[in-house]
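S.K.: can you look at this prediction? I've put the sequence above it.
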Amino acid sequence: CVLVTSNGVSVAHEVQNILSSSAWGLARALRQELPEMNIRLLDVPADCDENFVNGAVGATKGHPESAIRKSTIYTPEILKIDSNIELAALPVFKEKVYVVTGALGELGYQICKRLIQMGASKFILVGRRELHGDQKRKFDELDCLHKSYHVLNFEDSRGNQELTQILRSEDKNLGGVIHCAGSIMDKAAYHLDVDFFKEVLFPKVDVARQVLNAVKSGTSRCDFVLLFSSIVSRTGSKGQSVYCAANAALDALGTQFKGDIPNLRVINWGPWAEVGGFSKLNDRHKNYFHETLGIQAIQTEAALDALFCPPQNKSSHLIIAQLTKRFAFKTKEITFNAPADGATDNSSKSTKEGHHENKMKIESIIKEVSGSESLDTEKTAAQIGLDSMMAVEIRALVNESFQIKTSLAIYFEDRPIAKTIEAIIQHIG
């Protein structure tokens, strides 16, 4: 399967197409969920014809991801920054105003704390939900001269208009903007719909566009604009298809505004250990990042150090992540070995005994993935706490154990687990 896009990736600091870039993010997630599809990504110039595309598909065979510019094939690589490169703290001033979007959670709180330590005293904090209880008390106790909270609904055009007005009202005093708003939703690609796309895309991409347009049209130059993206836009992550697409779109948005906002930088973050969506994952999902993707969580203080004292290079994009193995874009090859003529396939016995063994084996897989010692098969997947990432993992283990290719649809039917197991057994034989 080859996905061909135009200007979906930047080879020589070109402006990227947002739709093409988001398609790359989505496809990278699909590659994690459906490795047997062997998805290849190819980016070509906008003015090429069908013959060029056909030739490019053949020329890049064997490369999971590639881009062609003129007669050169480019493949992606993460370059480690020279350890001797100079670091410099971002300028922070007491009299200036700092805007943080997605600010009303623990991540926003930690960012505000660090800014205060660096000398900031005026904040505009923007989020989608009201502050309550202990979290509100924590923000109220922040030691600064002035802070205002704004709860905006970004799915409504009025929310975007309000944000633009807030930014323009502080135009002359604006010191910096940190856009860390986002929604880490968990759903595999097969189960997506338009409403779900909107819920994830709006806070990540549309809010960023409003922020960048307001800063671009301002009369004074902001000292820094930082957009929080994620490394999963580059690696993919099973069960987070839209999140990967949204971050890839944000990466592209950065290329579109870099010429107008010199102090703009997009950061593709690895997971933070104590705050953000990663901290809420169970151990199995955290191990997936570490063992499969080769990404380990960064301690919060170390992440804040990197955020506010970055390397002094001219790149508008920076990846900050703790990688545990050499980064590479590779698909996993799966071989399905059919039994020889006359041979008996023990995993697909047609006898009652064989069905029982298969049933026990499937139940064991489900219990292993869910982390449960017992399994009530009369309950649905949602009722026993199975999410879409777990469903994708169960499918992979079933396919590997029985040497079959089951459809992802089997695992997302809203029905008792027992019915899902029956459907798998029927597929086995």
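M.R.: Cool, the structure landed. Numbering: from 1, shown residues only.

S.K.: low-confidence regions, the stretch 51-200 of the chain specifically.
M.R.: Residue ranges of the stretch 51-200 of the chain with pLDDT under 70: 78-84, 145, 152-157, 184-188, 190.

S.K.: strands of that one, residue ranges please.
M.R.: Assigned by DSSP state E, counting those that start in this stretch, the stretch 51-200 of the chain shows strands spanning 65-69, 72-74, 97-101, 122-127, 146-151, 174-179.

S.K.: so what are the sheet partners of the shortest one and their directions?
M.R.: What it means is strand 72-74. Next to strand 72-74 in the sheet, as set by DSSP bridges, lie strand 65-69 (antiparallel).

S.K.: output the partner strand as CSV, nothing but the C-alphas.
M.R.: Output of strand 65-69 as CSV, limited to C-alpha atoms (Å, rounded to 0.1, in the frame of the first residue of the first chain):
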residue,chain,number,x,y,z
GLU,A,65,9.1,6.7,3.8
SER,A,66,10.7,8.9,1.1
ALA,A,67,10.4,12.2,-0.8
ILE,A,68,11.5,13.0,-4.3
ARG,A,69,12.7,16.4,-5.3
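
S.K.: ok, and for it, which residues are buried?
M.R.: Neighbour-count burial for strand 65-69, counted by 16 or more other Cβ atoms under 10 Å, picks out Glu65, Ser66, Ala67, Ile68. (Glycine included, C-beta is placed from N, CA and C.)

S.K.: stretch 279-294 too?
M.R.: Neighbour-count burial for stretch 279-294 [16+ other Cβ under 10 Å]: Leu281, His285, Lys286, Tyr288, Phe289, Leu293, Gly294.

S.K.: tell me which element the second one is part of?
M.R.: The one in question is His285. With secondary structure defined by DSSP states H and E, His285 is part of helix 283-287.

S.K.: helices or strands up against that helix?
M.R.: Using 3 or more Cβ pairs under 8 Å, 6 or more residues apart in numbering; DSSP states H and E, the elements in contact with helix 283-287 are helix 388-402.

S.K.: can you redo the buried residues of stretch 279-294 as a markdown table with distance to Ser407 and pLDDT?
M.R.: What follows is the buried residues of stretch 279-294, written out as a markdown table (distance: Cβ to Cβ, whole Å; pLDDT from 0 to 100):
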| residue | distance to Ser407 | pLDDT |
| --- | --- | --- |
| Leu281 | 26 | 72 |
| His285 | 23 | 76 |
| Lys286 | 28 | 78 |
| Tyr288 | 22 | 78 |
| Phe289 | 26 | 81 |
| Leu293 | 25 | 79 |
| Gly294 | 29 | 80 |
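
S.K.: so can I have TSV of those showing distance to Ser10?
M.R.: Formatted as TSV, the buried residues of stretch 279-294 follow (distance: Cβ to Cβ, whole Å):
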residue	distance to Ser10
Leu281	30
His285	30
Lys286	31
Tyr288	28
Phe289	25
Leu293	22
Gly294	23
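
S.K.: farthest-separated two in those residues?
M.R.: Leu281 and Gly294 (16.4 Å; Cβ to Cβ).

S.K.: isn't Ile366 right next to Leu397, touching?
M.R.: No: counting by Cβ atoms under 8 Å, Ile366 stays clear of Leu397, with 9.1 Å between them.

S.K.: the two - which one has more neighbours?
M.R.: Ile366 (22 against 17; other Cβ atoms under 10 Å).

S.K.: phi, psi for that one please.
M.R.: The phi/psi pair for Ile366 (degrees, to the nearest 10) reads phi -60, psi -40.

S.K.: what do you get for Lys379?
M.R.: Main-chain dihedrals, Lys379, degrees, to the nearest 10: phi -90, psi 160.

S.K.: how near is it to Ile267?
M.R.: 41 Å (Cβ to Cβ, to the nearest Å).

S.K.: neighbour count winner among those two?
M.R.: Neighbours per residue (other Cβ under 10 Å) separate Lys379 from Ile267, with Ile267 holding more: 22 against 14.

S.K.: excluding chain neighbours, what is closest to that one?
M.R.: Closest residue to Ile267 apart from its sequence neighbours, by Cβ to Cβ, 6 or more residues apart in numbering: Leu318 at 5.3 Å.
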